[in-house]
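Novice: Build me a model from this:
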Amino acid sequence: MTQLARSALCCAMAIAALAAAGNAIGARAQAAPSAQVLMLPAELSNVCEADPQALQLAMARQWRPSLNALDQWAQLVRSFSCDLSGQRDLGWHRVPLRAYESAIRYPLTWVEMETRNGRTRRTVKTYYSAAQLPPKIDFWVGGRIDEIRYDKRLRRIDARFPAAGSRGGSNGAASAAAAAQCAYTTLQFRQQNGLWLLLGVEPNLSPRC
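Specialist: Residues are numbered from 1 along each chain as shown. The predicted structure is shown next:
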């Protein structure tokens, strides 16, 4: 084999190796899809007042393929947000989750955020049955939704509810508005046997914006 032929062969092998590496990177990028986030239009952000069919349509347009039983998920969210707080933002309050036993998927993950001496501590509790649930737990859920996030890998929908009138310390209207913009509760839902059930609750009482 001549020197020229060897050089051509080496170049061809190098190009093939680069192409294979590029294909591998592309495959890894496709294998790990990021969560899709839906920012609801203003007329749909209050799920208590919004047309449920319009809410389902807005989500179905963005997420392809469309999620199974989206109408059932919307009704479950409405039951939590509207039944617990009504159409007004009541702030943080204690909610009897046992009233929603049929809508809970075990294990249920409950996250608490506690601030002491300026440091925020995150505690995760897991309930494996209704017998372990406390009579009432503290969280906030209102008629409005900040955003809806769908994780394809986990097949989970998270709905984030803004916490207007949160319990955080406020000095004036500006700090109160900042607290309202940052504090929230996230409800996590996942399908089980064709039904959407509540999987976890994560409130953020004193966020760092």
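Novice: Ends of stretch 139-147, what's the gap?
Specialist: 18 Å (C-alpha to C-alpha, to the nearest Å).
Novice: no no, stretch 148-158
Specialist: 6 Å.
Novice: correct me, but residue 162 touches residue 184?
Specialist: Yes - using C-beta atoms under 8 Å, residue 162 makes contact with residue 184 at a distance of 5.3 Å. C-betas here are computed from N, CA, C, even on glycine.
Novice: ok, those two, which is more surrounded?
Specialist: A count of neighbours by other C-beta atoms under 10 Å puts residue 184 above the other of residue 162 and residue 184, at 23 against 19.
Novice: Tell me where this protein has helices.
Specialist: Secondary structure of the chain (DSSP state H): helices at 3-31, 52-62, 70-85, 173-182.
Novice: Need the single longest strand in the chain, by residues.
Specialist: Longest strand in the chain by number of residues, with DSSP state E as the criterion: strand 104-116.
Novice: Touching both of residue 162 and residue 184, which residues are there?
Specialist: Here residue 162 and residue 184 have residue 146 as joint contacts, going by C-beta atoms under 8 Å, 6 or more residues apart in numbering.
Novice: How many residues are close by the nearest residue to residue 38 once chain neighbours are set aside?
Specialist: Nearest non-adjacent residue to residue 38, counting by C-beta to C-beta, 6 or more residues apart in numbering: residue 148, 4.5 Å away. Around residue 148 there are 22 other residues, counting by other C-beta under 10 Å.
Novice: and residue 148, how far is that from residue 106?
Specialist: According to C-beta to C-beta, to the nearest Å, residue 148 stands 23 Å off from residue 106.
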